[in-house]
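Asks: sequence plus predicted model, see below.
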Amino acid sequence: MEASPIAVPRAFARASVPTVAKEVFSLLYEKIIQGEWLPGHRLSENEVAQSLGVSRTPVREALIRLGQVGLVSAYPQVGTVVSPIRLPEVYDNQFLRETIECRTVSIAAERCTDKAAADLRELIERQLKCCTPGREAEFFALDDAMHRYLIELAGRPAIWRVLRDAKAQLDRVRHLSLHDTAWIERNIAEHRRIVERVIAHDGEGATTAMRKHLSNVFQTIERISRENPRFFEAAPAETAAKAGA
């Protein structure tokens with residue numbers, strides 16, 4: 001699969017090195033998460049720097065951070081390549097996400113205002129418009145927007161930044177499932193149940209709805225890994241065996 005070109009932000013020319021490194025990280029992160037760059041794709045520090053018109057320093061910093069979140073790996077004599085999706089990390093990410101979001105959604109239900117209720121309803125309506133081919137990426141962004149909004153409503157905005165890095169491998173699986181309209185429709189229905197309970201100030205009901213929603217991801221992970229084994233480092237059965245050891 002030929003790599004697609006990297007869009008270069010105009011701000012690069014006048015930005016500081018830390019800012020450029022952050023922007024480069026975001027660009028490469030999205031390419032990997034969205035499956036434009038598949039496992040095994042080589043990332044040359046020089047080539048990335050030249051294509052973006054920046055020095056190697058911010059590119060090197062971006063690649064280091066990508067390695068820290070498990071998206072790239074560096075090998076002697078080979079260089080830096082996009083990592084496979086590691087199922088143990090996906091399951092760990094999902095455990096962390098469930099633990100945090102089931103707690104925060106309960107708090108969000110307690111703190112939900114009329115404005116928050118209106119915002120949440122609008123997010124669901126916007127998601128419903130994404131049940132047609134070609135709008136999958138838009139749904140993904142709105143999916144994240146809803147979960148992020150609930151965490152911020154709970155008064156814990158910094159937690160989303162932690163979750164964003166922690167769920168990198170999980171997001172790669174989510175992108176592989178976006179071609180399935182039925183999967184998107186099911187997720188929206190689950191989102192609606194969560195939002196309804198939050199708006200009703202039903203913390204226990206919101207927690208139950210969130211747990212059910214997030215637990216369904218496990219079924220998706222197993223199906224996607226069976227359908228796309230070349231993207232994964234370990235088969236589901238192997239991962240389950242290790243988890244139960």
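Replies: Sure, I can see it. Because the structure is predicted, anything quoted here is derived from the model rather than measured. Numbers count the residues shown, from 1 in each chain.
Asks: where do the strands sit along this protein?
Replies: With DSSP state E as the criterion, the chain has strands at 42-43, 72-75, 79-82.
Asks: can you give the domain ranges for the chain?
Replies: Taking automatic domain parsing as the reference, the chain has its domains at 10-82, 87-243.
Asks: just the pLDDT at the residue positioned nearest the centre of the chain, thanks.
Replies: Most central in the chain under CA atoms, centre = their mean is residue 171, positioned 3.3 Å from the mean C-alpha point. Note for residue 171: predicted pLDDT of 86.
Asks: can you give me the helices in this structure?
Replies: Using DSSP state H, the helices of the chain run over residues 17-33, 45-52, 56-68, 87-111, 114-128, 136-153, 157-166, 168-176, 181-199, 203-227, 236-243.
Asks: for residue 155, grab phi and psi.
Replies: Backbone torsions of residue 155, given as degrees, to the nearest 10, read phi 80, psi 20.
Asks: pretty sure it is touching residue 112, no?
Replies: No - with contact defined as CB atoms under 8 Å, residue 155 does not reach residue 112; the gap is 11.9 Å. Every C-beta, even on glycine, is put in place using the N, C-alpha and C of the backbone.
Asks: hang on, the earlier thing: by mean pLDDT, show me the worst of the helices of the chain.
Replies: Lowest mean pLDDT within the helices of the chain: helix 236-243, a mean of 40.
Asks: can you name the farthest residue from the center of the chain?
Replies: residue 77 (30.7 Å).
Asks: now that residue: phi and psi?
Replies: phi 70, psi -10.
Asks: just to revisit the earlier point, turn the strands of the chain into a markdown table, columns for mean neighbour count.
Replies: Listed next are the strands of the chain as a markdown table, based on neighbours: other CB atoms under 10 Å:
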| stretch | mean neighbour count |
| --- | --- |
| strand 42-43 | 18 |
| strand 72-75 | 15 |
| strand 79-82 | 18 |
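Asks: separation between the residue lying closest to residue 228 once chain neighbours are set aside and residue 190?
Replies: In this structure, residue 228 finds its nearest non-sequential neighbour in residue 176, 6.0 Å apart by CB to CB, 6 or more residues apart in numbering. Using CB to CB, to the nearest Å, one obtains 19 Å as the distance from residue 176 to residue 190.
Asks: okay, the two: which has more neighbours?
Replies: Each of residue 176 and residue 190 has its neighbours counted (other CB atoms under 10 Å); residue 176 has more, 21 against 16.
Asks: isn't that one right up against residue 232?
Replies: No - assessed by CB under 8 Å, residue 176 is found out of contact with residue 232, at 9.9 Å.
Asks: most tightly surrounded among the helices of the chain?
Replies: helix 168-176 (a mean of 23; mean count of other CB atoms under 10 Å).
Asks: out of the strands of the chain, which comes closest to residue 217?
Replies: Among these, the nearest to residue 217 by CB to CB is strand 79-82 (22.1 Å).
Asks: show residues contacting that closest one.
Replies: Applying CB atoms under 8 Å, 6 or more residues apart in numbering, the external contacts of strand 79-82 come out as 32, 37-45, 63, 67, 71-75.
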